[in-house]
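Engineer: Build the 3D model from these lines:
(2 chains)
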Amino acid sequence: MIVAERKPFDEIKKVIIGKKNIVILGCGTCVTINQTGGEKEVAILASELRIAKKLDGEISNIEEITILRQCEREFVEEIKEKIEQADIVLSMACGVGVQTMAETYPDKLIFPVLNTISMAFPEKPGFFKEMCMGCGNCVLYEYGGICPITRCSKSMLNGPCGGSQDGKCEINPDIECAWQLIIDKLEKQGRLNLLIDIKPAKDWSSSHHGGPRTLIIEEAEI
Amino acid sequence: MKKETKSGSNLEKLLNRGEFVVTAELGPPKGVNINIVINKVKILKGFCDAVNITDNQTSIVRMSSIASAIKILECGTEPIIQMVTRDRNRIALQSDLIGAAGLGIKNVLCLTGDHQSFGNHPASKNVFDIDSIQLIKMFKDMRDEKKFECGEEMKHPPKIFIGAAANPFADPFDYRPLRLAKKVNAGVDFIQTQLVYNVKKFEEYMKKVRELGLHEKVYILAGVGPIKSVGMAKYMRSKVAGMDIPIDIVERLKKSEDSKDEGINICVDIIKEIKGIEGVSEFTLMAIAWEEAVPIIVKRAGLLPRPNP
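Structural biologist: Residues are numbered from 1 along each chain as shown, chains lettered A, B, ... in the order given. Here you go, the predicted model:
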């Protein structure tokens, strides 16, 4: 899922200075599971901001709304009335949700409460590891199900580099060396021979390096 | 019959002749003062057969390897440029190689490169369009197939001697010789290893390398270098990934009266030990920020005089 984390409170507080009608808009999908932008977090932020506003001697109306997904027009359009009354919308969605709101309500100020981080896997509660960076050409099968592009700090296809030590990446001991994982896995699977041949230079044009991507699924087109 | 060279470089000629080769590393300056490069070359001249110039090593911005190498050529010494894939994509790497080779540079060391988080510009975007193995292959194909990476033909291909690094001490230890085999298959001509302090472990590695027959397909230059102080030894032991420094080296430095001199002696002892290992007959001297130590080490290790190419 997409994971995000909340911006520092001061950054959020600054944005609502002088704003009377504020909507905090949560998202019921990824960020709810991620526990950063769901109904509960919307409520927490709302009360934090109310307290802060009170201390500053300002009065404002803070509305709390959470919709199932902020990246779907269907759900975003349903709350039209509430949004139109707002001076600012504090969106607690990922970057996709924020932009969907911005496109659907072009005259409204939409502020991203969260910093979107990555497409990640919750290894354990509260612990999210980046797994996929959407390169557009998945080769996970050749690497024992471990992505060398995303999980190797240098995106090596013929790793490991000389900095791998005790199964850890040289840049941070909290990061596992993807190549240690790949080699261990392929060895277990009896497929280490897959690493004998030199993997050629990647065609990055299918990734973001080729430009922002537009995906068309014909079957889904109306 | 004289073996035909791929690049005509002195390094290649000497290695082909079976000479005991010594290369020394030179770190370029952090500014435009090219005299620093000239002065360092003066120290190294006559004590090594070629000079390795690092490429923004540890991701710290320095004068480029190629720019420094051009000056070194002018000084009458043979350079080995280094190229990392961290900062440049395949377009720039090919372009820089053509430029370097066009200006007379004949040796190039292909590296993936330290991550930018280690250096003084951790906020920068990295490239890593290709890795070191793909870089070796790309340069080899330019030289031998006379083609750019995209397949387009080159009228005037570069004549270069291609090198790469190997780290016998990194994990997974058992996989390292297999990775070296990949570099050999990619077309590498010579290898410079990470600094060797744990000679036993290096011997284990070389045994596996010989079992794969790689020592007959590529020239292996063992990395050696002096450690100046106990502090430096401890730092390298704990903070530098892929570095294996046995505790008795730290102890030796601790006990010594002059740790700099002892550091040089340790280096000389290692050189003498490595000389006996089959498959290794060359050295690459990395006296980090201490080029002055090179002449002393080369003398004490009995590696003088340097042969004429």
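
Engineer: All the helices of chain B, residue numbers only.
Structural biologist: B:10-16, B:35-44, B:65-74, B:90-102, B:132-140, B:176-186, B:199-211, B:230-239, B:247-255, B:259-275, B:293-300 (DSSP state H).

Engineer: who wins for proximity to B:K147 among those helices?
Structural biologist: helix B:132-140 (9.6 Å; Cβ to Cβ). (Each C-beta comes from the backbone N, C-alpha and C, glycine too.)

Engineer: Show the contacting residues for the residue lying closest to B:L195 once chain neighbours are set aside.
Structural biologist: In space, and not counting its chain neighbours, B:L195 is closest to B:G223: 4.5 Å by Cβ to Cβ, 6 or more residues apart in numbering or on different chains. Going by Cβ atoms under 8 Å, 6 or more residues apart in numbering or on different chains, B:G223 touches B:192-196, B:283-284, B:286.

Engineer: With A:G28 instead?
Structural biologist: Taking Cβ under 8 Å, 6+ apart, one finds A:38-39, A:66-69 in contact with A:G28.

Engineer: Compile those into CSV and extend it with columns for neighbour count.
Structural biologist: Shown next, in CSV, are the contacts of A:G28 (neighbours: other Cβ atoms under 10 Å in any protein chain shown):
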residue, neighbour count
A:G38, 19
A:E39, 16
A:T66, 21
A:I67, 21
A:L68, 12
A:R69, 18
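
Engineer: so does the longest strand along chain A get close to chain B?
Structural biologist: The longest strand of chain A (DSSP state E) is strand A:114-124. No - figure legend: strand A:114-124 not in contact with chain B (Cβ under 8 Å from any Cβ of the partner chain); closest approach 15.6 Å.

Engineer: Which residues outside that strand are in contact with it?
Structural biologist: A:1-7, A:31, A:33-34, A:36-37, A:92-96, A:128-134.

Engineer: Would you tell me which one of the contacts of A:G28 comes nearest to A:G162?
Structural biologist: Using Cβ to Cβ, A:G38 comes nearest to A:G162 of the contacts of A:G28, at 43.2 Å.

Engineer: isn't that closest one right next to A:V31, touching?
Structural biologist: Yes - applying Cβ atoms under 8 Å, one finds A:G38 in contact with A:V31, separated by 6.1 Å.

Engineer: shared neighbours, the two?
Structural biologist: The contact lists of A:G38 and A:V31 share A:M92, where a contact means Cβ under 8 Å, 6+ apart.

Engineer: mind listing what's buried in the lengthiest helix in chain A?
Structural biologist: Among the elements of chain A assigned as helix by DSSP H, the one spanning the most residues is helix A:39-55. Under the neighbour-count criterion of 16 or more other Cβ atoms under 10 Å in any protein chain shown, helix A:39-55 has A:39, A:41-42, A:45-46, A:49, A:53 buried.

Engineer: which neighbours does the helix or strand that comes right after that helix have in its sheet, and in what orientation?
Structural biologist: Where DSSP states H and E defines the elements, the next helix or strand beyond helix A:39-55 is strand A:61-67. Partner strands and pairing direction for strand A:61-67 (DSSP bridges) are strand A:21-27 (parallel).

Engineer: Which positions in the partner strand come out as buried?
Structural biologist: Quick answer for strand A:21-27 (16+ other Cβ under 10 Å): A:22-27.

Engineer: that older thread, biggest separation within the contacts of B:G223, which pair?
Structural biologist: Using Cβ to Cβ, these reach their maximum pairwise distance at B:Q194 and B:F283, which is 13.1 Å.

Engineer: Flag every residue of chain A that's near chain B.
Structural biologist: With the criterion set to Cβ under 8 Å from any Cβ, chain A comes near chain B through A:153-167, A:170-172, A:177, A:180, A:183-184, A:195-196, A:198-202, A:204.

Engineer: Please flag which of these sit within strands.
Structural biologist: A:N172.

Engineer: Put the buried members of the residues of chain A next to chain B into a ChimeraX selection.
Structural biologist: To isolate the buried ones among the residues of chain A next to chain B in ChimeraX, judged by 16+ other Cβ under 10 Å, type:
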select /A:153,154,155,156,157,158,159,160,161,162,163,164,165,170,171,177,180,183,184,195,198,199,201,202,204
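
Engineer: Can you tell me which of the residues of chain A next to chain B end up in helices?
Structural biologist: A:180, A:183-184.

Engineer: mind putting those in CSV, pLDDT included?
Structural biologist: Putting these into CSV (pLDDT from 0 to 100) gives the following:
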residue, pLDDT
A:Q180, 97
A:I183, 97
A:D184, 97
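
Engineer: ok, so of the contacts of A:G28, who is nearest B:E203?
Structural biologist: Nearest to B:E203 out of the contacts of A:G28 is A:G38 (Cβ to Cβ; 58.3 Å).

Engineer: Got the phi and psi for the closest one?
Structural biologist: Dihedral angles of A:G38 (phi, psi; degrees, to the nearest 10) stand at phi -90, psi -170.
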